[in-house]
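Trainee: the following block contains a protein sequence and its predicted model.
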Amino acid sequence: MLHTNTPFTLILFGASGHLARMKIYPALYVLALKKRLPENFTIIGFSRTDMHDEVFRSLVRVAIEKDMPEVNTIVLDQLLSHMHYCQGQYDNQKDFEKLAGRCEEQEDGWKNPVRLAYLSIPPSVFSVVLGNLCKGRVHDHKKGEDFRCIVEKPVGNDLQSANTIIDELMQCFSEEEIYFLDHYLGKEAVRNVYYLRYANPILERLFKNTLIHHVEITLAEPKGIEGRAGYFDAVGTFLDMFQSHLLMISSLLTMRLEGDDDFSSSRQNALEQLYLPPALSLDDVVLQGQYSGYDDEKGVYKNSRANTYAALKLLSRTSRWQGVPFYLRSGKCLEKKETRISIQFQEPHTVGEGSHPNRLDIILQGEAGMRIHLQTKLGGSEPRFRPLLLEDPLVCVGDCLPEHGLLLLEAIARKKQWFLSFEEVRVAWRLIDPIQKHLQQKSTPLYLYTAGSSGPAEADAWIARDGIHWCT
Ligand code: BG6
(Lines give C-alpha, C1' and ligand atoms only; values in the text may rest on other atoms or scores of the structure.)
Protein backbone atom coordinates (compact mmCIF):
# COMPACT_ATOMS: atom_id res chain seq x y z
CA MET A 1 0.00 0.00 0.00
CA LEU A 2 1.57 3.25 -1.11
CA HIS A 3 2.04 5.82 1.62
CA THR A 4 4.89 8.03 2.66
CA ASN A 5 6.83 8.45 5.88
CA THR A 6 9.11 10.97 4.22
CA PRO A 7 8.55 14.51 5.49
CA PHE A 8 7.71 16.80 2.60
CA THR A 9 6.89 20.36 1.64
CA LEU A 10 4.52 20.73 -1.27
CA ILE A 11 4.51 24.19 -2.84
CA LEU A 12 1.48 24.71 -4.99
CA PHE A 13 1.77 27.37 -7.68
CA GLY A 14 -1.74 28.28 -8.76
CA ALA A 15 -3.11 27.61 -5.27
CA SER A 16 -6.39 29.43 -5.81
CA GLY A 17 -6.85 28.01 -9.30
CA HIS A 18 -9.46 25.62 -10.66
CA LEU A 19 -7.26 22.51 -10.72
CA ALA A 20 -6.14 22.94 -7.13
CA ARG A 21 -9.72 23.37 -5.94
CA MET A 22 -11.28 20.64 -8.06
CA LYS A 23 -8.63 17.96 -7.85
CA ILE A 24 -5.62 18.60 -5.65
CA TYR A 25 -7.24 19.61 -2.34
CA PRO A 26 -9.83 16.80 -2.44
CA ALA A 27 -7.01 14.34 -3.26
CA LEU A 28 -4.94 15.57 -0.30
CA TYR A 29 -7.95 15.13 1.95
CA VAL A 30 -8.37 11.51 0.82
CA LEU A 31 -4.68 10.86 1.50
CA ALA A 32 -5.12 12.33 4.99
CA LEU A 33 -8.28 10.30 5.57
CA LYS A 34 -6.59 7.08 4.49
CA LYS A 35 -3.58 7.90 6.68
CA ARG A 36 -1.12 8.05 3.79
CA LEU A 37 0.61 11.25 4.85
CA PRO A 38 3.62 11.44 7.17
CA GLU A 39 3.71 13.15 10.53
CA ASN A 40 5.69 16.09 9.17
CA PHE A 41 4.47 17.74 6.01
CA THR A 42 3.56 21.22 4.87
CA ILE A 43 1.54 22.48 1.97
CA ILE A 44 2.30 26.03 0.95
CA GLY A 45 -0.02 27.69 -1.54
CA PHE A 46 1.63 30.38 -3.61
CA SER A 47 -0.28 32.67 -5.93
CA ARG A 48 -0.91 36.29 -6.82
CA THR A 49 -4.20 36.53 -4.91
CA ASP A 50 -3.86 38.54 -1.73
CA MET A 51 -4.94 36.40 1.27
CA HIS A 52 -3.56 35.09 4.52
CA ASP A 53 -3.39 31.54 5.92
CA GLU A 54 -6.92 31.51 7.37
CA VAL A 55 -8.58 32.70 4.14
CA PHE A 56 -6.54 30.14 2.22
CA ARG A 57 -7.62 27.39 4.59
CA SER A 58 -11.25 28.28 4.20
CA LEU A 59 -10.86 28.21 0.41
CA VAL A 60 -9.42 24.70 0.73
CA ARG A 61 -12.19 23.68 3.14
CA VAL A 62 -14.90 24.84 0.75
CA ALA A 63 -13.21 23.03 -2.16
CA ILE A 64 -13.07 19.76 -0.20
CA GLU A 65 -16.58 19.99 1.24
CA LYS A 66 -18.09 20.85 -2.12
CA ASP A 67 -17.48 17.49 -3.77
CA MET A 68 -17.18 15.04 -0.91
CA PRO A 69 -20.44 13.38 0.13
CA GLU A 70 -19.26 13.25 3.75
CA VAL A 71 -16.32 14.96 5.36
CA ASN A 72 -14.57 13.93 8.56
CA THR A 73 -14.04 17.32 10.21
CA ILE A 74 -11.26 16.10 12.53
CA VAL A 75 -9.23 14.85 9.57
CA LEU A 76 -10.00 18.00 7.59
CA ASP A 77 -9.00 20.32 10.44
CA GLN A 78 -5.76 18.40 10.91
CA LEU A 79 -4.98 18.64 7.22
CA LEU A 80 -5.73 22.37 7.19
CA SER A 81 -3.35 22.91 10.09
CA HIS A 82 -0.53 21.80 7.73
CA MET A 83 -1.53 24.37 5.10
CA HIS A 84 -0.03 27.81 4.68
CA TYR A 85 -0.24 30.55 2.14
CA CYS A 86 2.40 32.77 0.63
CA GLN A 87 1.26 35.63 -1.56
CA GLY A 88 3.63 36.75 -4.29
CA GLN A 89 4.13 37.87 -7.85
CA TYR A 90 5.44 35.27 -10.24
CA ASP A 91 7.99 37.72 -11.64
CA ASN A 92 9.34 38.95 -8.32
CA GLN A 93 12.48 37.17 -7.14
CA LYS A 94 12.11 38.64 -3.65
CA ASP A 95 8.74 36.93 -3.25
CA PHE A 96 10.43 33.61 -4.05
CA GLU A 97 13.14 34.31 -1.48
CA LYS A 98 10.37 34.88 1.04
CA LEU A 99 8.81 31.58 -0.04
CA ALA A 100 12.16 29.77 0.38
CA GLY A 101 12.32 31.22 3.91
CA ARG A 102 8.81 29.91 4.70
CA CYS A 103 9.84 26.44 3.51
CA GLU A 104 12.94 26.44 5.67
CA GLU A 105 10.98 27.51 8.75
CA GLN A 106 8.55 24.64 8.24
CA GLU A 107 11.24 22.05 7.55
CA ASP A 108 13.29 22.97 10.60
CA GLY A 109 14.24 19.76 12.45
CA TRP A 110 12.88 17.38 9.79
CA LYS A 111 15.07 14.50 8.66
CA ASN A 112 15.76 14.41 4.88
CA PRO A 113 12.61 16.19 3.68
CA VAL A 114 11.50 16.16 0.06
CA ARG A 115 10.54 19.51 -1.41
CA LEU A 116 8.06 19.52 -4.30
CA ALA A 117 7.04 22.43 -6.52
CA TYR A 118 3.72 21.73 -8.24
CA LEU A 119 3.22 23.98 -11.25
CA SER A 120 -0.41 24.37 -12.14
CA ILE A 121 -0.06 27.73 -13.85
CA PRO A 122 -0.76 29.12 -17.33
CA PRO A 123 2.00 28.71 -19.95
CA SER A 124 2.35 32.53 -20.07
CA VAL A 125 3.95 32.68 -16.58
CA PHE A 126 5.81 29.41 -16.72
CA SER A 127 9.17 30.71 -17.69
CA VAL A 128 9.33 33.42 -15.11
CA VAL A 129 8.26 31.07 -12.30
CA LEU A 130 10.93 28.54 -13.27
CA GLY A 131 13.62 31.20 -13.33
CA ASN A 132 12.65 32.48 -9.91
CA LEU A 133 12.46 29.02 -8.34
CA CYS A 134 16.22 28.84 -8.69
CA LYS A 135 17.13 32.51 -8.39
CA GLY A 136 14.97 32.81 -5.29
CA ARG A 137 16.59 29.59 -3.97
CA VAL A 138 13.35 27.70 -3.47
CA HIS A 139 15.43 25.06 -5.19
CA ASP A 140 19.05 25.36 -4.26
CA HIS A 141 21.40 22.89 -6.00
CA LYS A 142 24.21 23.61 -3.61
CA LYS A 143 22.22 22.38 -0.66
CA GLY A 144 21.69 19.06 -2.45
CA GLU A 145 18.10 18.91 -1.27
CA ASP A 146 15.73 16.24 -2.50
CA PHE A 147 13.55 18.13 -4.98
CA ARG A 148 10.73 17.29 -7.43
CA CYS A 149 9.25 19.71 -9.92
CA ILE A 150 5.80 18.53 -10.98
CA VAL A 151 4.49 20.10 -14.18
CA GLU A 152 0.83 19.77 -15.13
CA LYS A 153 -0.07 19.25 -18.74
CA PRO A 154 -0.09 20.81 -21.26
CA VAL A 155 3.66 21.35 -21.45
CA GLY A 156 3.65 24.45 -23.67
CA ASN A 157 1.28 24.95 -26.56
CA ASP A 158 3.35 23.43 -29.35
CA LEU A 159 6.62 21.57 -29.87
CA GLN A 160 8.69 24.72 -29.90
CA SER A 161 7.31 26.10 -26.64
CA ALA A 162 7.55 22.64 -25.04
CA ASN A 163 11.23 22.51 -25.98
CA THR A 164 11.73 25.99 -24.53
CA ILE A 165 10.08 24.89 -21.28
CA ILE A 166 12.23 21.77 -21.16
CA ASP A 167 15.38 23.87 -21.70
CA GLU A 168 14.32 26.28 -18.97
CA LEU A 169 13.51 23.43 -16.60
CA MET A 170 16.92 21.92 -17.24
CA GLN A 171 18.61 25.16 -16.20
CA CYS A 172 17.13 24.77 -12.75
CA PHE A 173 16.58 21.01 -12.35
CA SER A 174 18.07 17.72 -13.44
CA GLU A 175 15.90 15.45 -15.61
CA GLU A 176 15.32 13.09 -12.65
CA GLU A 177 13.78 15.96 -10.69
CA ILE A 178 11.19 16.80 -13.37
CA TYR A 179 7.80 15.06 -13.34
CA PHE A 180 5.42 15.77 -16.26
CA LEU A 181 1.96 14.93 -15.01
CA ASP A 182 -1.08 13.87 -17.04
CA HIS A 183 -3.69 13.08 -14.39
CA TYR A 184 -5.34 10.49 -16.65
CA LEU A 185 -2.26 8.33 -16.06
CA GLY A 186 -3.11 8.41 -12.37
CA LYS A 187 -6.62 7.03 -12.91
CA GLU A 188 -6.92 3.38 -11.92
CA ALA A 189 -9.32 2.72 -14.78
CA VAL A 190 -6.91 4.19 -17.33
CA ARG A 191 -3.95 2.20 -15.97
CA ASN A 192 -6.19 -0.82 -16.17
CA VAL A 193 -6.35 -0.49 -19.98
CA TYR A 194 -2.79 -1.74 -20.00
CA TYR A 195 -3.18 -4.30 -17.22
CA LEU A 196 -6.36 -5.80 -18.69
CA ARG A 197 -4.25 -6.73 -21.70
CA TYR A 198 -1.47 -8.03 -19.51
CA ALA A 199 -3.71 -10.19 -17.36
CA ASN A 200 -5.99 -11.49 -20.10
CA PRO A 201 -4.13 -13.20 -22.94
CA ILE A 202 -7.43 -13.87 -24.70
CA LEU A 203 -7.95 -10.12 -25.12
CA GLU A 204 -4.41 -9.60 -26.28
CA ARG A 205 -4.89 -12.28 -28.93
CA LEU A 206 -8.02 -10.55 -30.21
CA PHE A 207 -6.35 -7.15 -30.43
CA LYS A 208 -5.07 -7.32 -33.97
CA ASN A 209 -5.92 -5.80 -37.29
CA THR A 210 -7.28 -8.97 -38.86
CA LEU A 211 -10.07 -9.01 -36.27
CA ILE A 212 -10.66 -5.38 -35.35
CA HIS A 213 -12.60 -3.04 -37.60
CA HIS A 214 -12.03 0.22 -35.73
CA VAL A 215 -11.51 1.78 -32.29
CA GLU A 216 -13.36 4.72 -30.83
CA ILE A 217 -12.18 6.68 -27.78
CA THR A 218 -14.60 9.21 -26.33
CA LEU A 219 -13.97 11.73 -23.55
CA ALA A 220 -17.29 13.55 -23.25
CA GLU A 221 -18.10 16.03 -20.50
CA PRO A 222 -21.41 17.64 -19.61
CA LYS A 223 -19.67 20.56 -17.93
CA GLY A 224 -18.61 23.70 -19.73
CA ILE A 225 -15.50 25.74 -19.02
CA GLU A 226 -16.42 26.45 -15.37
CA GLY A 227 -14.94 29.94 -15.24
CA ARG A 228 -11.63 28.84 -16.79
CA ALA A 229 -11.90 31.13 -19.82
CA GLY A 230 -8.44 32.58 -19.13
CA TYR A 231 -6.89 29.18 -19.78
CA PHE A 232 -9.39 27.49 -22.02
CA ASP A 233 -10.12 30.19 -24.57
CA ALA A 234 -6.47 30.25 -25.65
CA VAL A 235 -6.22 26.47 -25.74
CA GLY A 236 -9.49 24.78 -26.75
CA THR A 237 -10.54 21.16 -26.42
CA PHE A 238 -8.16 19.84 -29.05
CA LEU A 239 -5.02 20.92 -27.18
CA ASP A 240 -6.60 20.43 -23.76
CA MET A 241 -7.67 16.79 -24.23
CA PHE A 242 -6.05 15.27 -27.33
CA GLN A 243 -2.38 16.17 -26.94
CA SER A 244 -2.35 14.47 -23.55
CA HIS A 245 -5.23 12.33 -22.33
CA LEU A 246 -6.48 10.90 -25.62
CA LEU A 247 -3.04 10.13 -27.01
CA MET A 248 -2.02 8.51 -23.73
CA ILE A 249 -5.06 6.23 -23.71
CA SER A 250 -4.36 5.30 -27.34
CA SER A 251 -0.78 4.41 -26.51
CA LEU A 252 -1.79 2.26 -23.51
CA LEU A 253 -3.95 0.28 -25.87
CA THR A 254 -1.35 -0.14 -28.60
CA MET A 255 1.96 -0.27 -26.69
CA ARG A 256 3.94 -3.49 -26.37
CA LEU A 257 3.51 -5.29 -23.09
CA GLU A 258 6.81 -4.75 -21.32
CA GLY A 259 8.22 -5.04 -17.83
CA ASP A 260 8.04 -1.99 -15.56
CA ASP A 261 11.51 -0.75 -16.45
CA ASP A 262 10.75 -0.10 -20.10
CA PHE A 263 7.27 1.19 -19.51
CA SER A 264 7.77 4.78 -20.54
CA SER A 265 9.86 4.02 -23.61
CA SER A 266 7.35 1.44 -24.73
CA ARG A 267 4.53 3.99 -24.35
CA GLN A 268 6.63 6.44 -26.31
CA ASN A 269 7.17 3.89 -29.10
CA ALA A 270 3.44 3.37 -29.34
CA LEU A 271 2.91 7.13 -29.56
CA GLU A 272 5.52 7.36 -32.30
CA GLN A 273 3.60 4.82 -34.31
CA LEU A 274 0.43 6.92 -34.42
CA TYR A 275 -0.01 8.87 -37.64
CA LEU A 276 -2.55 10.73 -39.74
CA PRO A 277 -4.17 8.80 -42.61
CA PRO A 278 -1.87 9.85 -45.44
CA ALA A 279 -4.25 9.82 -48.38
CA LEU A 280 -6.67 12.24 -46.73
CA SER A 281 -6.63 16.02 -46.42
CA LEU A 282 -6.64 17.44 -42.90
CA ASP A 283 -10.28 18.46 -43.41
CA ASP A 284 -11.15 14.77 -43.64
CA VAL A 285 -9.02 13.78 -40.67
CA VAL A 286 -10.11 16.29 -38.05
CA LEU A 287 -13.26 18.19 -37.20
CA GLN A 288 -13.99 20.88 -34.63
CA GLY A 289 -17.07 22.39 -33.02
CA GLN A 290 -18.17 24.93 -30.47
CA TYR A 291 -21.29 24.90 -28.31
CA SER A 292 -23.79 27.68 -28.95
CA GLY A 293 -23.45 30.39 -26.38
CA TYR A 294 -19.77 29.67 -25.70
CA ASP A 295 -18.70 33.20 -26.48
CA ASP A 296 -21.22 34.58 -23.98
CA GLU A 297 -19.27 32.84 -21.20
CA LYS A 298 -17.49 35.20 -18.84
CA GLY A 299 -13.97 35.99 -20.00
CA VAL A 300 -14.35 34.50 -23.48
CA TYR A 301 -13.47 36.74 -26.42
CA LYS A 302 -16.36 37.78 -28.65
CA ASN A 303 -16.40 35.64 -31.78
CA SER A 304 -13.86 33.31 -30.19
CA ARG A 305 -12.86 30.41 -32.43
CA ALA A 306 -11.79 28.16 -29.57
CA ASN A 307 -13.05 24.62 -30.18
CA THR A 308 -15.05 23.00 -27.39
CA TYR A 309 -15.42 19.77 -29.39
CA ALA A 310 -13.04 17.92 -31.68
CA ALA A 311 -12.84 14.57 -33.45
CA LEU A 312 -9.75 13.06 -35.03
CA LYS A 313 -8.95 9.98 -37.09
CA LEU A 314 -5.57 8.31 -36.56
CA LEU A 315 -3.82 5.14 -37.64
CA SER A 316 -1.09 3.12 -35.97
CA ARG A 317 1.92 1.60 -37.73
CA THR A 318 2.38 -1.17 -35.13
CA SER A 319 2.11 -4.56 -36.81
CA ARG A 320 -0.91 -5.55 -34.72
CA TRP A 321 -2.87 -2.36 -35.33
CA GLN A 322 -1.75 -1.44 -38.85
CA GLY A 323 -4.74 -0.24 -40.87
CA VAL A 324 -7.19 -0.05 -37.92
CA PRO A 325 -8.67 3.46 -37.72
CA PHE A 326 -8.79 5.12 -34.30
CA TYR A 327 -11.54 7.73 -33.95
CA LEU A 328 -10.89 10.03 -30.99
CA ARG A 329 -13.41 12.62 -29.84
CA SER A 330 -13.90 14.92 -26.90
CA GLY A 331 -16.17 17.80 -26.07
CA LYS A 332 -17.57 20.04 -23.38
CA CYS A 333 -21.26 20.71 -22.68
CA LEU A 334 -22.25 17.32 -24.08
CA GLU A 335 -25.20 15.28 -22.90
CA LYS A 336 -23.30 13.10 -20.42
CA LYS A 337 -19.95 12.28 -18.83
CA GLU A 338 -18.55 9.41 -20.79
CA THR A 339 -14.97 8.21 -20.95
CA ARG A 340 -15.00 5.10 -23.06
CA ILE A 341 -12.94 2.96 -25.38
CA SER A 342 -15.01 0.95 -27.83
CA ILE A 343 -13.27 -1.70 -29.88
CA GLN A 344 -15.43 -2.88 -32.71
CA PHE A 345 -14.63 -6.20 -34.31
CA GLN A 346 -15.06 -7.10 -37.98
CA GLU A 347 -18.53 -7.78 -39.32
CA PRO A 348 -19.67 -11.35 -38.62
CA HIS A 349 -20.50 -13.74 -41.44
CA THR A 350 -24.09 -12.93 -42.23
CA VAL A 351 -25.94 -16.09 -41.37
CA GLY A 352 -29.20 -14.47 -40.48
CA GLU A 353 -31.23 -11.52 -39.40
CA GLY A 354 -30.19 -9.27 -36.54
CA SER A 355 -26.49 -10.11 -36.39
CA HIS A 356 -24.17 -7.25 -35.46
CA PRO A 357 -20.42 -6.89 -35.11
CA ASN A 358 -18.99 -7.84 -31.71
CA ARG A 359 -17.77 -4.99 -29.57
CA LEU A 360 -15.75 -4.53 -26.41
CA ASP A 361 -16.40 -1.37 -24.40
CA ILE A 362 -14.00 -0.33 -21.64
CA ILE A 363 -15.73 2.43 -19.74
CA LEU A 364 -13.20 4.49 -17.84
CA GLN A 365 -15.44 6.95 -16.03
CA GLY A 366 -19.10 7.59 -15.49
CA GLU A 367 -20.56 4.16 -14.86
CA ALA A 368 -17.13 2.51 -15.18
CA GLY A 369 -17.21 -0.99 -16.50
CA MET A 370 -16.52 -3.43 -19.24
CA ARG A 371 -19.07 -4.72 -21.73
CA ILE A 372 -18.72 -7.39 -24.33
CA HIS A 373 -21.37 -7.29 -27.04
CA LEU A 374 -22.07 -10.74 -28.36
CA GLN A 375 -25.18 -12.20 -29.93
CA THR A 376 -27.16 -15.34 -29.51
CA LYS A 377 -29.66 -17.17 -31.64
CA LEU A 378 -33.36 -16.64 -31.14
CA GLY A 379 -35.53 -19.74 -30.89
CA GLY A 380 -36.95 -20.93 -34.18
CA SER A 381 -35.94 -22.78 -37.29
CA GLU A 382 -34.48 -19.65 -38.92
CA PRO A 383 -31.12 -18.25 -37.76
CA ARG A 384 -32.19 -14.96 -36.20
CA PHE A 385 -30.22 -13.27 -33.41
CA ARG A 386 -30.61 -11.12 -30.35
CA PRO A 387 -27.89 -9.13 -28.52
CA LEU A 388 -26.10 -10.82 -25.63
CA LEU A 389 -24.37 -8.38 -23.33
CA LEU A 390 -21.75 -9.50 -20.80
CA GLU A 391 -20.86 -6.75 -18.38
CA ASP A 392 -18.96 -6.08 -15.21
CA PRO A 393 -19.01 -2.76 -13.35
CA LEU A 394 -15.18 -2.87 -13.01
CA VAL A 395 -15.34 -0.62 -9.97
CA CYS A 396 -11.92 -0.09 -8.44
CA VAL A 397 -11.49 -2.60 -5.62
CA GLY A 398 -8.47 -2.51 -3.33
CA ASP A 399 -6.28 0.45 -2.64
CA CYS A 400 -8.09 3.07 -4.73
CA LEU A 401 -6.74 6.60 -4.47
CA PRO A 402 -7.72 9.71 -6.43
CA GLU A 403 -5.38 10.28 -9.35
CA HIS A 404 -3.59 13.35 -8.02
CA GLY A 405 -3.09 11.70 -4.63
CA LEU A 406 -1.62 8.56 -6.15
CA LEU A 407 0.68 10.52 -8.46
CA LEU A 408 1.85 12.72 -5.59
CA LEU A 409 2.80 9.70 -3.49
CA GLU A 410 4.54 8.17 -6.49
CA ALA A 411 6.48 11.39 -7.12
CA ILE A 412 7.64 11.43 -3.50
CA ALA A 413 8.68 7.78 -3.86
CA ARG A 414 10.52 8.66 -7.15
CA LYS A 415 8.29 6.29 -9.12
CA LYS A 416 8.27 7.80 -12.58
CA GLN A 417 6.56 5.09 -14.57
CA TRP A 418 3.26 6.96 -14.84
CA PHE A 419 4.75 10.37 -15.56
CA LEU A 420 5.63 11.48 -19.07
CA SER A 421 9.18 11.50 -20.32
CA PHE A 422 10.51 14.52 -22.21
CA GLU A 423 10.42 12.52 -25.40
CA GLU A 424 6.79 11.48 -24.95
CA VAL A 425 5.85 15.13 -24.65
CA ARG A 426 7.80 15.96 -27.81
CA VAL A 427 6.36 13.06 -29.80
CA ALA A 428 2.83 14.07 -28.86
CA TRP A 429 3.42 17.65 -30.00
CA ARG A 430 4.95 16.48 -33.28
CA LEU A 431 1.72 14.72 -34.08
CA ILE A 432 -0.56 17.47 -32.80
CA ASP A 433 1.19 20.60 -34.16
CA PRO A 434 0.18 20.40 -37.85
CA ILE A 435 -3.40 19.53 -36.90
CA GLN A 436 -3.63 22.43 -34.48
CA LYS A 437 -2.28 24.81 -37.13
CA HIS A 438 -4.96 23.58 -39.48
CA LEU A 439 -7.71 24.04 -36.88
CA GLN A 440 -6.58 27.59 -36.18
CA GLN A 441 -6.95 28.70 -39.79
CA LYS A 442 -9.99 30.89 -40.31
CA SER A 443 -10.96 28.80 -43.35
CA THR A 444 -11.30 25.61 -41.22
CA PRO A 445 -14.97 25.16 -40.30
CA LEU A 446 -16.03 25.38 -36.65
CA TYR A 447 -19.40 23.67 -36.35
CA LEU A 448 -21.91 24.85 -33.79
CA TYR A 449 -23.73 22.39 -31.56
CA THR A 450 -26.39 22.72 -28.91
CA ALA A 451 -25.22 22.46 -25.29
CA GLY A 452 -26.46 19.16 -23.85
CA SER A 453 -26.45 17.41 -27.24
CA SER A 454 -24.04 14.73 -28.48
CA GLY A 455 -21.99 17.26 -30.45
CA PRO A 456 -22.19 18.77 -33.93
CA ALA A 457 -24.32 16.92 -36.49
CA GLU A 458 -21.36 17.27 -38.86
CA ALA A 459 -19.36 14.91 -36.60
CA ASP A 460 -21.95 12.19 -37.26
CA ALA A 461 -21.76 12.83 -40.99
CA TRP A 462 -17.93 12.86 -40.78
CA ILE A 463 -17.69 9.36 -39.32
CA ALA A 464 -20.56 8.10 -41.48
CA ARG A 465 -18.38 8.73 -44.54
CA ASP A 466 -16.33 5.73 -43.37
CA GLY A 467 -19.50 3.64 -43.26
CA ILE A 468 -19.80 3.64 -39.45
CA HIS A 469 -21.47 5.63 -36.68
CA TRP A 470 -20.42 6.60 -33.16
CA CYS A 471 -21.07 3.79 -30.71
CA THR A 472 -23.82 4.39 -28.18
C1 BG6 B 1 -8.25 18.40 -17.69
C2 BG6 B 1 -8.76 19.43 -18.66
O3 BG6 B 1 -6.96 17.99 -18.05
O4 BG6 B 1 -9.12 17.26 -17.71
C5 BG6 B 1 -10.20 19.81 -18.33
O6 BG6 B 1 -7.92 20.58 -18.59
C7 BG6 B 1 -11.06 18.58 -18.27
O8 BG6 B 1 -10.69 20.72 -19.29
C9 BG6 B 1 -10.45 17.57 -17.32
O10 BG6 B 1 -12.34 18.98 -17.80
C11 BG6 B 1 -11.23 16.27 -17.34
O12 BG6 B 1 -10.72 15.46 -16.32
P13 BG6 B 1 -11.61 14.38 -15.57
O14 BG6 B 1 -10.67 13.74 -14.62
O15 BG6 B 1 -12.69 15.16 -14.89
O16 BG6 B 1 -12.13 13.48 -16.64
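Mentor: Done, it's in. What you see is a predicted model; the values in this text were computed from it and never measured.

Trainee: how does this protein divide into domains?
Mentor: Domain assignment for the chain, taken from automatic domain parsing, gives 8-152, 188-398+421-464.

Trainee: so can I have TSV of those domains showing mean pLDDT, mean neighbour count and distance to residue 177?
Mentor: Glycine gets a C-beta too; all of them are placed from N, C-alpha and C. As requested, the domains of the chain are exported to TSV (pLDDT from 0 to 100; neighbours: other Cβ atoms under 10 Å; distance: least, Cβ to Cβ, whole Å):
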stretch	mean pLDDT	mean neighbour count	distance to residue 177
domain 8-152	93	18	5
domain 188-398+421-464	92	17	12
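
Trainee: and the closest residue to residue 48 other than its chain neighbours, which of the three is it?
Mentor: Spatial nearest neighbour of residue 48, chain neighbours left out: residue 89 (6.1 Å); criterion: Cβ to Cβ, 6 or more residues apart in numbering. Secondary structure, DSSP: H, G, I helix; E, B strand; the rest coil: residue 89 is coil.

Trainee: how much space between residue 89 and the ligand?
Mentor: When distance is defined by Cβ to the nearest ligand atom, to the nearest Å, residue 89 is 25 Å away from the ligand.

Trainee: now residue 168. Its backbone dihedrals?
Mentor: Torsion angles at residue 168 (phi, psi; degrees, to the nearest 10) stand at phi -70, psi -40.

Trainee: ok, now the one 4 residues further on?
Mentor: The main-chain torsion angles of residue 172 are listed as degrees, to the nearest 10 and equal phi -110, psi -30.

Trainee: and residue 287, by the same measure?
Mentor: Dihedral angles (degrees, to the nearest 10) for residue 287: phi -140, psi 140.

Trainee: mind checking how far it is from the ligand?
Mentor: Distance of residue 287 to the ligand, given as Cβ to the nearest ligand atom: 19 Å.

Trainee: is that residue in a bridge, and if so with what?
Mentor: The residues listed as beta-bridge partners of residue 287 by DSSP bridges are residue 311.

Trainee: my read: it touches residue 447, true?
Mentor: Yes - contact criterion Cβ atoms under 8 Å: residue 287 and residue 447 qualify, at 7.1 Å.

Trainee: just to revisit the earlier point, any chance of the domains of the chain in TSV, plus distance to residue 159?
Mentor: Below are those laid out as TSV (distance: least, Cβ to Cβ, whole Å):
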stretch	distance to residue 159
domain 8-152	13
domain 188-398+421-464	4
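
Trainee: out of those domains, which is closest to residue 412?
Mentor: Nearest to residue 412 among the domains of the chain is domain 8-152; the distance by Cβ to Cβ comes to 5.5 Å.

Trainee: how far out from the middle of the chain is that closest one?
Mentor: Offset of domain 8-152 from its chain centre (Cα atoms, centre = their mean, to the nearest Å): 21 Å.

Trainee: repeat for stretch 378-386
Mentor: For stretch 378-386, the distance to the chain centre is 45 Å (Cα atoms, centre = their mean).
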